[in-house]
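Undergrad: This is the structure alone, sequence omitted:
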Ligand SMILES: Cc1ncc(C[n+]2csc(CCOP(=O)(O)OP(=O)(O)O)c2C)c(N)n1
Ligand SMILES: [Mg+2]
């Protein structure tokens, strides 16, 4: 996203992805690597274990561009990703966090 | 995993071949467990190079009477030998390396397997767990390095885990769209001893989910309604064992058929419906026919840029049916009118009975006209001292049981164009990554996996030097490989591009010094024949190909020969140069 200014960036449509994943040391690298190696910026990330800790949930805030459907398919292919759900940018998970991210 | 319930008994023969579950359990090291799991997978040959961090495994392997270890002379060679085994048989194959430089040397072969969807299980040693992250001797982040080039990877943290990870690695490598899996095993995990009471089932390819029947029905309608359809076969057809079904579909619906580099052999080249390879070095008639089609049926193909040329101009008037086992391939490059996610064998099986036999007289005769007007030009094909002539002379000495491997460059494209490939898995070439150095070790691997076949490897004077050390492995193993070295004293494909697209500014593509390849081969302990010196090259060639064991066949090729036609990089396929 080097070509966009910060203002343009916030004007872009956003999407929120919710991933159910196995909880082990390499999973974040697998997920984030898919985005970084396509120069697709991830604007926000949240991860916490769920239940007994065998699984985690990852929330990703990403820019909505034409490549997003392909990104979702690629994420779905990862062995440690059990499910992917797509939400609108207005999902509460990141909105409630905003107070922790004031400059 | 030691508490996994016993699974239903398998076929008697298979059960007999496997060691029975010991009632009391055995105490084994992680290394012994891996060896046993590989044996239970049916792995008979592995290729690798030992080193400190994988020595416990090698020690355990030395006790196996079921697995033969082939000592490569470079880990990349081991990786490509495993690829040769996997490509020739369709079954996952295993390569081994130690930590650090051993693992990094494997990476190119793994990346190559990823791009061509080859089932590979790479096992690497790692420093002991307690030393991970300390910059220990020969420690690299093999797990991190291999993430983007594997289908999946594991860093194993206990001997117990191996019982789950090893079968799973094979299952992942073979299921769906095949690919490489890396298992990194710390040395202390290899040495850790645990009691094993029950063995897991070997990992096998899991069936793909069934395809959407409604989409198949729509595809049937589109095929019936099309006037100028073309069938476009990719490597997935070979991987899925669907070549016969694809040919049957073409015959039933009168579909002129094009193949990607990876699909060559799926339909015999001399089949009346075959238009051969499409794309950058396809025949003019092939790319021109594609330009006119009104329906493109893509089967196990991924619209690679070497096949499509400028995508916007590829099959501009065509509707698209796209069948692929990997859902992420659908709509990735071209949006399909009907996308069908599924195993191409299963989809073709469902599709075929619904397709009405049709004889498209106008379209077929139009295509025949294109073929007559714009055939592949193969100047010199009757002269064994030319590039096409040499390829044709080699083919004349062999039957369809022979396997044909190549390296990467002009020679590869000439062979793709001119060798009469007629059998799926006959053709082993590095397509997606285009890796020089692939040919010799891949050919050795294929010869070891299928010792009854003659394996020919067409290579170049540039490529062969990238894994020349494996000639001694070929000698040691007595592998039945015939290496045909097409020596044009240059990195020919680079020389061609500089000539055509860089104003003839030839730089770093002509070799100044040239090894005496015949002496080099003999020095490595394999027979060598110089066709340049032979009064009757065809006779010398026939003798060299007929004698068992490895042999290097050297032939000089004119540096100024080009691969034609050629679509300039970035141009539309109909804008071909030459040919
Ligand atoms: C490992 C690797 N490095 C560089 C290239 C780029 N490259 C493609 S073809 C080629 C020349 C190959 O030379 P040679 O093996 O002699 O084959 P020729 O084209 O002369 O037939 C080069 C350098 C490559 N494909 N692979
Ligand atoms: Mg050359």
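TA: That came through fine. Treat the numbers as computed from the prediction; the structure is a model and nothing was measured. Ligands and ions are numbered 1, 2, ... in the order given.
Undergrad: can we go C-alpha only for contacts and neighbour counts from here?
TA: Noted.
Undergrad: How many neighbouring residues does the residue of the stretch 301-450 of chain B found nearest chain A have?
TA: In the stretch 301-450 of chain B, the residue found nearest to chain A is residue B:328; the distance is 5.2 Å by Cα to the nearest Cα. By other Cα atoms under 10 Å in any protein chain shown, 19 other residues sit near residue B:328.
Undergrad: check contacts around it.
TA: Going by Cα atoms under 8 Å, 6 or more residues apart in numbering or on different chains, residue B:328 touches A:70, A:73, A:74.
Undergrad: can we see that at 6 Å?
TA: For residue B:328, the contact set (Cα atoms under 6 Å, 6 or more residues apart in numbering or on different chains) comprises residue A:73.
Undergrad: can you check residue B:530 too?
TA: Neighbour list for residue B:530: B:553, B:554 [criterion: Cα under 6 Å, 6+ apart].
Undergrad: Look up how far residue B:505 lies from it.
TA: Counting by Cα to Cα, to the nearest Å, the gap from residue B:530 to residue B:505 is 32 Å.
Undergrad: ditto for residue B:564
TA: Going from residue B:564 to residue B:505 by Cα to Cα gives 20 Å.
Undergrad: Give me the more crowded residue out of the two.
TA: Between residue B:564 and residue B:505, counted using other Cα under 10 Å, the more crowded position is residue B:564 (22 against 12).
Undergrad: ok, back up a step: could you check how far the residue of the stretch 301-450 of chain B closest to chain A is from ligand 1?
TA: Residue B:328 sits 26 Å away from ligand 1 when distances are taken as Cα to the nearest ligand atom, to the nearest Å.
Undergrad: what's the answer for residue A:100, then?
TA: Between residue A:100 and ligand 1 the computed distance is 49 Å (Cα to the nearest ligand atom).
Undergrad: where does that residue fall, phi/psi-wise?
TA: In terms of degrees, to the nearest 10, the main-chain angles of residue A:100 are phi -80, psi -10.
Undergrad: just residue B:350 next, same as before
TA: phi -70, psi -30.
Undergrad: Give me the spatial nearest neighbour of it, chain neighbours excluded.
TA: residue B:216 (7.6 Å; Cα to Cα, 6 or more residues apart in numbering or on different chains).
Undergrad: does that neighbour belong to a helix or a strand, and which?
TA: Per DSSP states H and E, residue B:216 falls inside helix B:213-225.
Undergrad: For that helix, could you pull out the residues that count as buried?
TA: Within helix B:213-225, the residues scored as buried using 16 or more other Cα atoms under 10 Å in any protein chain shown are B:215, B:216, B:217, B:219, B:220, B:222, B:223.
Undergrad: In chain A, what residue lies closest to chain B?
TA: Residue nearest to chain B within chain A: residue A:73 (5.2 Å; Cα to the nearest Cα).
Undergrad: Just give the nearest non-adjacent residue to that residue, would you?
TA: Nearest non-adjacent residue to residue A:73 (Cα to Cα, 6+ apart): residue B:328, at 5.2 Å.
Undergrad: try residue B:279
TA: Of all residues beyond its chain neighbours, the one nearest residue B:279 is residue B:307 (4.0 Å), with distances taken as Cα to Cα, 6+ apart.
Undergrad: Assumed the one you found was part of a helix.
TA: Yes. Secondary structure assignment places residue B:307 in a helix (DSSP: H, G, I helix; E, B strand; the rest coil).
Undergrad: How far does stretch B:395-412 stretch from one end to the other?
TA: The first and final residues of stretch B:395-412 sit 15 Å from each other (Cα to Cα).
Undergrad: And the strands in the stretch 101-250 of chain B, which stretches?
TA: Secondary structure of the stretch 101-250 of chain B, counting by DSSP state E, counting those that start in this stretch: strands at B:120-126, B:152-155, B:180-186, B:193-196, B:229-233.
Undergrad: which one of these lies closest to residue B:467?
TA: Among those, strand B:120-126 comes nearest to residue B:467, with 18.8 Å by Cα to Cα.
Undergrad: got the buried residues for that closest one?
TA: Neighbour-count burial for strand B:120-126 flags B:120, B:121, B:122, B:123, B:124, B:125, B:126 (criterion: 16+ other Cα under 10 Å).
Undergrad: Ok, stretch B:240-248 next?
TA: Residues B:240, B:241, B:242, B:243, B:244, B:245, B:246, B:247, B:248 are the ones in stretch B:240-248 that count as buried (16+ other Cα under 10 Å).
Undergrad: Run through who's touching that stretch.
TA: Judged by Cα under 6 Å, 6+ apart, the contacts made with stretch B:240-248 from elsewhere in the structure are B:237, B:266, B:345.
Undergrad: circling back: and the residue nearest to residue A:73, which of the three is it?
TA: Under three-state DSSP, the three-state class of residue B:328 is helix.
Undergrad: Next one, pLDDT for it please.
TA: Residue B:328 is assigned a predicted lDDT (pLDDT) of 98.
Undergrad: Could you do the one 5 residues further on as well?
TA: Among the per-residue scores, residue B:333 shows a pLDDT of 97.
Undergrad: hang on, it in a strand?
TA: No. Secondary structure assignment places residue B:333 outside any strand; it is coil (three-state DSSP).
Undergrad: Just give me the neighbour total for the nearest residue to it once chain neighbours are set aside.
TA: The shortest distance from residue B:333 to any residue that is not its chain neighbour, by Cα to Cα, 6+ apart, is 6.5 Å, and that residue is residue B:303. Number of residues near residue B:303 (other Cα under 10 Å) recorded here: 22.
Undergrad: can you pull out the helices in chain A?
TA: With DSSP state H applied, chain A shows helices at A:6-11, A:27-36, A:68-77, A:92-95, listed in chain order.
Undergrad: so which of those helices gets nearest ligand 1?
TA: Comparison of the helices of chain A against ligand 1 by Cα to the nearest ligand atom identifies helix A:27-36 as nearest, at 24.2 Å.
Undergrad: Tell me if the closest one is near chain B.
TA: No. Remark: helix A:27-36 sits outside contact range of chain B, by Cα under 6 Å from any Cα of the partner chain, the gap being at least 6.5 Å.
Undergrad: got the angle between that helix and helix A:68-77?
TA: Angle between the axes of helix A:27-36 and helix A:68-77 is 150 degrees (criterion: axes from the mean of the first three to the mean of the last three Cα atoms, to 10 degrees).
Undergrad: what does the average pLDDT come to for helix A:27-36?
TA: 96.
Undergrad: If you count neighbours, what's buried in it?
TA: Across helix A:27-36, burial judged by 16+ other Cα under 10 Å covers A:27, A:28, A:30, A:31, A:32, A:33, A:34, A:35.
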